[in-house]
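J.: Predicted model, plus sequence, below.
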Amino acid sequence: MCPEPSAISLAPTATQREQVVQRLCSHFASNHLTMDELEQRIDRAYKAPSVAELDALVAGLPVLAEDPARTTSAAMAPSSASALATVPERDVLIGIMSGHTRRGPWAVPRHLKVFTVMGGIVLDLREALIAPGVSEIEITAVMAGVEVFVPPGVRVECTGSAFMGAFEVDQRAQWMAAGEDRVVRVTGFAFMAGVDVKVRPPKGAAQLPR
C-alpha cells in the first residue's frame with residue numbers, strides 16, 4: 001500500500017512560506033533570533049522544498065506571546081487619562097517587499113520594533129497617543145525606506161546608525177516643545193536604506209517656520 005502524502009513531500013504554498021516568515025520576524029522582534037539567524041532562516045524559508053523543512057525553521061523556538069491588543073483608535077481619546085492604560089508595552093511592524101502605514105489616533109507602544117526589507121514604512125505620530133516618558137522605536141531597514149512624523153511638543157532622540165544609508169532627524173521644531181515629558185527615541189540600523197524622522201504639526205494646524 002502506498003503511504004499517504006505527508007508534509008515530508010508536500011511543497012509549501014506561497015502563503016505558507018509568508019506565514020513562516022512573519023513568525024520568524026515576530027521571533028526576531030521578541031529577541032529570540034539574532035539578525036543573522038533571521039536572515040538565514042528567511043532565505044531557507046523561501047527555498048524550502050517541503051512543508052516539513054519549512055516547519056522545522058520555527059520548531060524549537062519559544063512560544064510567542066499573543067499580539068498586544070490593538071484597541072480601535074477611533075474609540076480612544078488621546079487626552080483621556082484612562083487611555084494611557086491602552087498603551088501596549090511592545091509591538092512589532094513588519095514589511096517585507098511591502099508597505100505599511102500607521103496614522104490617525106493610534107497608541108504608540110513603549111517599545112515598537114520595525115523590520116522592513118525592500119519595503120516602505122510610514123509612522124505618523126501626529127494624532128497618536130504618546131504616553132509620558134520614553135517611547136522607543138527600534139528600526140531595522142534593509143534596502144528600504146522609513147518615515148516617522150512626530151508632532152511638536154515631543155522631544156526626539158536618535159541613536160540609529162547606517163551603512164550606505166542614512167538616519168536623518170529634522171530638529172527644526174524642537175524649540176517649540178513645551179516640555180520634555182514625552183520622548184520618542186529612534187534607534188536601529190539602516191543598510192542601504194533611509195530612515196527620516198520629521199517634526200510636523202497635525203494636519204490643519206499652522207505650519208512650522210522654515
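T.: Nice, I can see it. Since this is a predicted model, take the numbers as computed values, not measurements. Numbers count the residues shown, from 1 in each chain.
J.: May I see the buried residues of the longest helix anywhere in the chain?
T.: Criterion DSSP state H: the longest helix present in the chain is helix 14-29. Within helix 14-29, the residues scored as buried using 16 or more other CB atoms under 10 Å are 16-18, 20-21, 23-29. To be clear about C-beta, it is placed using only N, CA and C from the backbone, and glycine gets the same treatment.
J.: Any stretches of the chain with poor pLDDT?
T.: Screening the chain residue by residue with the criterion pLDDT under 70, one finds the ranges 1-9, 65-85, 171-180, 203-210.
J.: so what are the domain limits for it?
T.: As given by automatic domain parsing, the domain ranges for the chain are 14-56, 73-199.
J.: First-to-last residue distance for the first one?
T.: Meaning domain 14-56. One end of domain 14-56 to the other measures 17 Å (CA to CA, to the nearest Å).
J.: what sits against the residue most central in space within the chain?
T.: The residue lying closest to the centre of the chain (CA atoms, centre = their mean) is Val114, at 2.3 Å. Neighbouring residues of Val114 by CB atoms under 8 Å, 6 or more residues apart in numbering: 92-95, 121, 123, 137-141, 146, 188.
J.: Out of the residues you listed, the closest to Phe163 would be?
T.: Ala141 (10.9 Å; CB to CB).
J.: For Ser26, see how far away that closest one is.
T.: Counting by CB to CB, to the nearest Å, the gap from Ala141 to Ser26 is 18 Å.
J.: ditto for Glu127
T.: 27 Å.
J.: again, but for Thr187
T.: Counting by CB to CB, the gap from Thr187 to Ser26 is 19 Å.
J.: Equivalent analysis for Asp196, please.
T.: 26 Å.
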